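>>> compute the structure for the input listed below.
(2 chains, ligands or ions: 1)
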Amino acid sequence: MNLSAPAPGARVVAFGEYQPGNVVSNDDLTARVDTSDEWIRSRVGVEERRIAGADETVVSMAVAAGGKALAAGGLSPDEIDLVIVATCTQTDQIPHAASSVASHLGINAPGAFDLNAACAGFCYALAVASDAVRIGSAQNVLVVGSEKLSEWVDWDDRSTCVIFADGAGAAVVTAADEPGIGPVVWGSSGERADKIHLRENRYLFQEGQTVFRWTTTELYPVALEALERAGVAATELTAFVPHQANLRIVEAIARRLGAPQALVARDIVTAGNTSSASIPLAISRMSERGELPSGSTVLTLGFGAGLTYAAQVLRIP
Amino acid sequence: MAHSEEEILAGLGEIIDEIAGVPAADVTPEKSFVDDLDIDSLSMVEIAVAAQDKFGVEIPDDQLKDLKTVRDVINYIQK
Ligand SMILES: CC(C)(COP(=O)(O)OP(=O)(O)OC[C@H]1O[C@@H](n2cnc3c(N)ncnc32)[C@H](O)[C@@H]1OP(=O)(O)O)[C@@H](O)C(=O)NCCC(=O)NCCS
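Now for the predicted structure:
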């Protein structure tokens, strides 16, 4: 039997993002639940977030982010042969999002599937895309993280509604002689699956302090291992872009990496926690601001419900 | 291995200085974390983790709410 022709490496050639236009401030939330701007800023780090309207869905936001990434990478839709949408908030289980996203973008008959690894989903999807390109099962892959968490939040529950938000981020992955996506370090801890779940099958619930303890103590070794596997020293990093769960978590992990020179993503301040969208959203916005020069090295770390986690090193296109 | 009160207090002072930026000299047994030292529940989790590394005593999340003063933590670690 013949095997597909492998490629020496895979890299991201472009990022893109989409955020809903509707800005919701901390004061807007204070009008609805018993909280305060000061509490939210100091405990979570969010100053404002974007919340999707009725016409903005997981699919439509993924289409917008994916279209932007395709345009930025100079690829036409017919060059894409695999579409992966990382999401945990797609309302309809059937049909899944990826096929619709592809057809809206004019991508003809690609392989298409959704991937649910909660807030770690983008890192998982990027690893799968990189492997598919390297092994030769795909040439050019569109990877999107898209989430409409607002549909799964109880807007009267102050412990969650101040954290979560909506948005999408995308990356185009192609074959490359010089690899631009490092080995993934991933894992899970299903014995703690109940720590983040849907209460009444409907509303996001988390044991906040347990999740905080997990993320701030058990995950920096995962990030350090991703650096080691890629052969990149912490001191060589341009930026650290972890899942934008909570600014306190982001900063606590960053302190333990031994990378004082690295810019630490703080996208949560204006984007909120957008689950699997948060990492590509942050990278795309930081790149647009000129904070991540082409060729710079970024460490990602996704983590969330499951519990799941994944980290990898990326080169910025 | 038992730790003396002085040893634990000195260790907590260092930890609290590092995590919350409160000078170690201000960390005395009668101080309340929330009211006197302005330490919130998330910093308490970080302090509990650091204390576990230092003294080998696990302080689970469900116990944290009851540890209101520095003395409470010293007693918990000693018991
Ligand atoms: C959710 C989180 C912000 C809560 O912070 P916390 O310090 O653990 O808060 P607690 O639940 O202990 O609550 C502390 C107090 O603040 C109150 N509180 C909770 N939410 C509040 C809000 N939005 N505004 C004001 N007060 C609030 C609580 O009711 C509690 O009051 P009490 O002491 O009188 O009972 C925090 O635990 C967290 O972010 N954890 C990580 C979660 C995360 O990032 N998940 C995503 C993973 S992908």
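>>> where does chain B have its least confident helix or strand?
helix B:61-64 (a mean of 89; mean pLDDT, DSSP states H and E).
>>> helices or strands next to it in the packing?
helix A:208-218, helix B:41-55 (3 or more Cβ pairs under 8 Å, 6 or more residues apart in numbering or on different chains; DSSP states H and E). (C-beta placed from N, C-alpha, C; glycine too.)
>>> kindly format the C-alpha coordinates of it as CSV.
Output of helix B:61-64 as CSV, limited to C-alpha atoms (Å, rounded to 0.1, in the frame of the first residue of the first chain):
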residue,chain,number,x,y,z
ASP,B,61,-9.5,24.8,49.2
ASP,B,62,-12.4,24.0,51.5
GLN,B,63,-10.4,24.8,54.6
LEU,B,64,-9.2,28.1,53.3
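>>> go through it and flag the buried ones.
B:Asp61, B:Leu64 (16 or more other Cβ atoms under 10 Å in any protein chain shown).
>>> tell me, how many residues neighbour the residue of chain B at minimum distance from the ligand?
Here the residue of chain B nearest the ligand is B:Ser41; by Cβ to the nearest ligand atom that distance is 3.5 Å. Look at B:Ser41: counted by other Cβ atoms under 10 Å in any protein chain shown, it has 15 neighbours.
>>> in this structure it contacts B:Leu64, no?
Yes: in this structure, B:Ser41 is within contact of B:Leu64 by Cβ atoms under 8 Å, at 7.1 Å.
>>> need the overlap of contacts for those two.
Applying Cβ atoms under 8 Å, 6 or more residues apart in numbering or on different chains, one finds that B:Ser41 and B:Leu64 are jointly contacted by A:Gln209.
>>> ok, the closest residue to chain A within chain B - contacts?
Relative to chain A, the nearest point of chain B is B:Asp61 (4.5 Å; Cβ to the nearest Cβ). Applying Cβ under 8 Å, 6+ apart to B:Asp61 gives the contacts A:Glu207, A:Gln209, A:Thr210, A:Arg213, B:Val45, B:Ala48.
>>> repeat that for A:Arg289.
Under the criterion of Cβ under 8 Å, 6+ apart, A:Arg289 has no contact partners.
>>> please report how far it lies from A:Thr300.
As judged by Cβ to Cβ, to the nearest Å, A:Arg289 and A:Thr300 stand 18 Å apart.
>>> those helices in the chain, which residues are they?
No chain specified, so I'll use chain A. Counting by DSSP state H, chain A has helices at residues A:26-30, A:37-43, A:58-73, A:97-104, A:121-135, A:158-161, A:208-218, A:220-230, A:247-255, A:268-271, A:278-288.
>>> not what I meant, chain B
B:5-20, B:41-55, B:61-64, B:70-78.
>>> against which helices or strands is the first one packed?
Helices and strands touching helix B:5-20, by 3+ Cβ pairs under 8 Å, 6+ apart, are helix B:41-55, helix B:70-78.
>>> out of the ones you listed, the one nearest A:Thr89 is which?
Of all those, helix B:41-55 sits nearest to A:Thr89, with 25.4 Å by Cβ to Cβ.
>>> output the helices and strands packed on helix B:61-64 in CSV; the columns should cover mean pLDDT.
Conversion of those to CSV gives the following (pLDDT from 0 to 100):
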stretch, mean pLDDT
helix A:208-218, 95
helix B:41-55, 92
